[in-house]
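> Please find the sequence and the predicted model below.
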Amino acid sequence: MPRKSTRLRTADLTDRVAVITGAGSGIGRELALLCARRGANLALCDINDIGLADTAATAHSFGGRIVTRRVDVADSEAMSRFAQETVDLYGAVDLLINNAGVGLVGGFLDTSVKDWDWLVGINLMGVVHGCNAFLPTMIDAGRPGHVVNLSSAAGLLANPQLTAYSATKFAVLGLSEALSMELAPHRIGVTAVCPGVINTAITQNSAIRGDGDAEQRRNRLMSTYQKRGYPPERVAHNILRAVDRNQSVAPIAPEAHLMYLLSRAAPPLAHWAATRLAELTK
């Protein structure tokens with residue numbers, strides 16, 4: 001009798017179903033297109049209607065079935081409806097990618113309670129809502145699956161200019177590592193992705209708090225990410241490679257690998273490096 005596979009393999013996703021939040025731009029969009037190229041059927045959501053429609057239109061050229069919904073991941077009921085519609089259409093889900101997220105630049109004293117509610121609602125509870133909505137049916141399906149949760153390099157090393165953002169991404173990392181152990185008996189892997197400095201629209205859209213000219217600070221931040229030049233297309237390929245390897249934590253860009261190593265092996269040096277990195281966002 002052949003052995004049952006214990007992992008989801010992503011080289012060929014024909015007849016598999018991938019759910020991706022925040023699919024209207026950046027890493028989420030590139031993951032959707034890559035999964036479509038590999039034969040997956042897609043369930044995509046975002047609050048960016050134009051971006052989501054563009055992703056879907058491009059993905060359609062690869063042939064698979066696609067459903068799109070406008071969903072705020074901070075809304076648990078909306079996520080539950082999205083999950084029910086997805087399961088009603090496809091029957092099961094194989095790959096859940098909790099990608100949607102927002103950024104905020106600022107220290108703790110510059111961050112309001114309203115800011116905290118916004119960040120926690122999307123970056124952390126959005127992941128919780130996605131897992132809560134989709135995991136029961138993934139478990140019931142009884143076949144190999146995988147959950148990808150987008151953390152951050154700021155979830156590896158705390159950044160005093162990204163205090164609230166770092167807190168949410170540390171939480172996603174911890175949640176993912178615990179889930180990885182809990183879901184292993186169900187043949188569902190979990191990967192926390194820590195991309196690094198990736199050239200996406202998050203630098204344009206992040207809220208900026210504190211002293212100084214906000215636009216000048218934003219321009220410096222955008223320039224840093226653009227010069228770094230690590231594209232989201234490359235991130236998408238590396239994320240699916242991490243799924244194949246069933247990595248519990250997946251640093252992507254070289255600086256994220258360095259941060260991961262420092263955070264595990266040399267905390268004092270990691271603290272020094274994080275302080276230096278914070279200068280980029282002042």
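Happy to help now that I have it.
> Could you pull out the helices in the stretch 101-250 of the chain for me?
With DSSP state H, counting those that start in this stretch as the definition, the stretch 101-250 of the chain shows helices at residue ranges 113-119, 125-141, 163-183, 202-205, 214-228, 232-245.
> among the ones you listed, which is nearest residue 45?
Nearest to residue 45, of all the helices of the stretch 101-250 of the chain, is helix 125-141, at 9.4 Å by C-beta to C-beta. C-beta coordinates here come from the backbone N, C-alpha and C atoms, glycine included.
> With respect to residue 50, which of the helices of the stretch 101-250 of the chain lies nearest?
helix 202-205 (13.9 Å).
> can you tell which of the helices of the stretch 101-250 of the chain is closest to residue 88?
Once the helices of the stretch 101-250 of the chain are compared by C-beta to C-beta, helix 125-141 is nearest, at 10.5 Å.
> Run the angle between the closest one and helix 163-183 for me.
Put simply, helix 125-141 runs at 10 degrees to helix 163-183, going by axes from the mean of the first three to the mean of the last three C-alpha atoms, to 10 degrees.
> quick one: contacts of helix 125-141?
The contact list for helix 125-141 (C-beta atoms under 8 Å, 6 or more residues apart in numbering) reads 19, 21, 73-76, 79-80, 82-83, 86-87, 92-94, 96, 98, 100-101, 145, 147, 149-150, 172, 175, 179, 183, 186, 188.
> Just the buried subset of those, please.
Buried by 16 or more other C-beta atoms under 10 Å: 19, 21, 73-76, 79, 82-83, 86-87, 93-94, 96, 98, 100-101, 145, 147, 149-150, 172, 175, 179, 183, 186, 188, out of the contacts of helix 125-141.
> sorry, back to before: looking at the helices of the stretch 101-250 of the chain, which is nearest to residue 264?
Per C-beta to C-beta, nearest to residue 264 of those: helix 163-183, 12.1 Å.
> pLDDT of the closest one, averaged?
Here helix 163-183 scores 96 as its mean pLDDT.
> ditto for stretch 11-22
Across stretch 11-22, pLDDT averages out at 97.
> Check which residues of that stretch are buried.
Result for stretch 11-22 [16+ other C-beta under 10 Å]: buried residues 13, 16, 17, 18, 19, 20, 21, 22.
> end-to-end on it?
Using C-alpha to C-alpha, to the nearest Å, the end-to-end distance of stretch 11-22 comes to 23 Å.
> roughly how far is that stretch from the heart of the chain?
15 Å (C-alpha atoms, centre = their mean, to the nearest Å).
> Poorly predicted segments of this structure, please.
1-6, 199-205, 213-214, 216-229, 265-282 (pLDDT under 70).
> ok, which stretches of this protein are strands?
17-21, 41-46, 66-70, 95-98, 104-105, 145-150, 188-194, 207-208, 249-251 (DSSP state E).
> contacts for the first one?
Among residues not part of strand 17-21, those counted as contacts by C-beta under 8 Å, 6+ apart are 28, 31-32, 35, 40-46, 71, 73, 83, 86, 90, 92-100, 126, 130, 134.
> okay if I get the strands of the chain as CSV plus distance to residue 231?
Output for the strands of the chain, formatted as CSV (distance: least, C-beta to C-beta, whole Å):
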stretch, distance to residue 231
strand 17-21, 18
strand 41-46, 20
strand 66-70, 23
strand 95-98, 18
strand 104-105, 22
strand 145-150, 16
strand 188-194, 15
strand 207-208, 24
strand 249-251, 17
